[in-house]
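Enquirer: test case, fold it:
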Amino acid sequence: MKRPAASRQQGPIPAVPPGARADPSASGRVVRLVGPVVVAGVTVSRGWRLVDIISALVSTPVQRVLFPAFAKLRGDTLRARAVMESALRLGLPIFGIAAVAAALHAPAIVRLLLGPAWLEVIPILQLLALGLLPRCAYKVTESVAFGLGGSTGTAVRSAIQAALLVGAAFIGGLFGLLHVAAFLSAAMWIYYLISVGYAGSLVAIPVGELLRLHARALLPVAIFGIVDGLAAMAVPETWFWVRHLFGGGAGLLAAALFLAIAPRVLLGPEWSNARDHFARSVVGVVRRARAQA
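Expert: Predicted structure coming up:
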């Protein structure tokens, strides 16, 4: 792949990130709207696309399940609240780990998906990864808001999201591409706060409960990030792929170990029930294997 000229990297181009036109979600509509502004250069465009791919892989299946579920719960606030809380408890640790992994392993992701000619995308991807958690999590809150709040509110929030992204790209563009990426991540966090606040109000979740729910989700994310980073540092930099594979594997193992042994009060009922179900399944498989032996 031919490396773009420096002049192309610095100037804005009237393009939309690949795949945005085919994205029917609110994120896709916003990207179509603000593409000429958001894509401040080829480098930012490719970084945005990589984060878009990760977000789609992690959060799109969740949105496909939750949207029809909340549409059926219109008028049943108690059940809708329970479903939203469960979805956030299950999803936030996964979204957070994906975000931290994208930031820590950006060099490997860029080399694997774009090639060595695009190494300047690495810091862009790392900054955009800071906004990956809200970019995934708002798929949950928007499913609540659209299912219970109707299409008018969705149109208003989409306009707010577009304005935030346009403003972030414009202000960041005054300083450089790294600032564009940083401001875009900040815009995603601001929009998520708006979205989760609105969704929480629809199902009567107190702000304090939302804060506790998010704080609890940070525990496995922090464990993953710390172990991943320390394990990667133990491997020589010359062993590039081993370094990233070992770090990521150690981080995932540490997060899984936490989920396996942490008390219920730290995990919440969803992860605790999933852990218990998995343990019962393993015991059942072992017993059947022994019976057949």
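Enquirer: what about the helices in the stretch 1-150 of the chain?
Expert: Assigned by DSSP state H, counting those that start in this stretch, the helices in the stretch 1-150 of the chain fall at 6-10, 26-38, 42-72, 77-104, 106-113, 121-129, 132-149.
Enquirer: what is the mean pLDDT for the longest one?
Expert: Averaging the model's pLDDT scores along helix 42-72 yields 85.
Enquirer: which of the helices of the stretch 1-150 of the chain sits closest to residue 269?
Expert: helix 77-104 (7.8 Å; Cβ to Cβ). Using the backbone N, CA and C atoms, a C-beta is placed for each residue, glycine as well.
Enquirer: next, the angle helix 106-113 makes with that closest one.
Expert: 90 degrees (axes from the mean of the first three to the mean of the last three Cα atoms, to 10 degrees).
Enquirer: packing partners of helix 77-104?
Expert: helix 42-72, helix 121-129, helix 132-149, helix 177-202, helix 207-233, helix 240-261, helix 269-292 (3 or more Cβ pairs under 8 Å, 6 or more residues apart in numbering; DSSP states H and E).
Enquirer: related to what we said a few turns ago, how about the helices of the stretch 1-150 of the chain in TSV, adding mean neighbour count and distance to residue 192?
Expert: Below are these laid out as TSV (neighbours: other Cβ atoms under 10 Å; distance: least, Cβ to Cβ, whole Å):
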stretch	mean neighbour count	distance to residue 192
helix 6-10	12	29
helix 26-38	20	12
helix 42-72	19	12
helix 77-104	21	10
helix 106-113	18	21
helix 121-129	25	14
helix 132-149	25	3
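Enquirer: want to throw these into a markdown table with distance to residue 228?
Expert: Output for the helices of the stretch 1-150 of the chain, formatted as a markdown table (distance: least, Cβ to Cβ, whole Å):
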| stretch | distance to residue 228 |
| --- | --- |
| helix 6-10 | 30 |
| helix 26-38 | 27 |
| helix 42-72 | 16 |
| helix 77-104 | 6 |
| helix 106-113 | 12 |
| helix 121-129 | 13 |
| helix 132-149 | 15 |
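Enquirer: and those, which one's lowest on average pLDDT?
Expert: helix 6-10 has the lowest average pLDDT among the helices of the stretch 1-150 of the chain, namely a mean of 39.
Enquirer: thinking residue 58 is in contact with residue 96, fair?
Expert: No: judged on Cβ atoms under 8 Å, residue 58 makes no contact with residue 96 at a distance of 10.3 Å.
Enquirer: just to revisit the earlier point, looking at the helices of the stretch 1-150 of the chain, spot the one closest to residue 288.
Expert: helix 77-104 (28.5 Å).
Enquirer: centre of the chain to that closest one, how far?
Expert: 9 Å (Cα atoms, centre = their mean, to the nearest Å).
Enquirer: kindly report the same for stretch 220-231.
Expert: Counting by Cα atoms, centre = their mean, stretch 220-231 comes out at 17 Å from the chain centroid.
Enquirer: what residues sit buried inside that stretch?
Expert: Within stretch 220-231, the residues scored as buried using 16 or more other Cβ atoms under 10 Å are 220, 221, 223, 224, 225, 227, 228, 231.
Enquirer: could you pull up the mean pLDDT of that stretch?
Expert: Across stretch 220-231, the average pLDDT comes to 96.
Enquirer: show me what that stretch is in contact with.
Expert: 93, 96-97, 99-101, 104, 246-255, 258-259 (Cβ atoms under 8 Å, 6 or more residues apart in numbering).
Enquirer: hmm, back to that, now render the helices and strands packed on helix 77-104 as JSON lines, adding distance to residue 168.
Expert: Formatted as JSON lines, those follow (distance: least, Cβ to Cβ, whole Å):
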{"stretch": "helix 42-72", "distance to residue 168": "11"}
{"stretch": "helix 121-129", "distance to residue 168": "11"}
{"stretch": "helix 132-149", "distance to residue 168": "13"}
{"stretch": "helix 177-202", "distance to residue 168": "4"}
{"stretch": "helix 207-233", "distance to residue 168": "22"}
{"stretch": "helix 240-261", "distance to residue 168": "29"}
{"stretch": "helix 269-292", "distance to residue 168": "33"}
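Enquirer: so which of these is nearest residue 84?
Expert: Among the helices and strands packed on helix 77-104, if distance is taken as Cβ to Cβ, the winner is helix 132-149, at 5.1 Å.
Enquirer: run the chain-centre distance for the helix or strand that the closest one is followed by.
Expert: Proceeding C-terminally, helix 132-149 gives way to helix 151-173 as the next helix or strand, assigned by DSSP states H and E. Centroid displacement of helix 151-173 relative to its chain, using Cα atoms, centre = their mean, is 18 Å.
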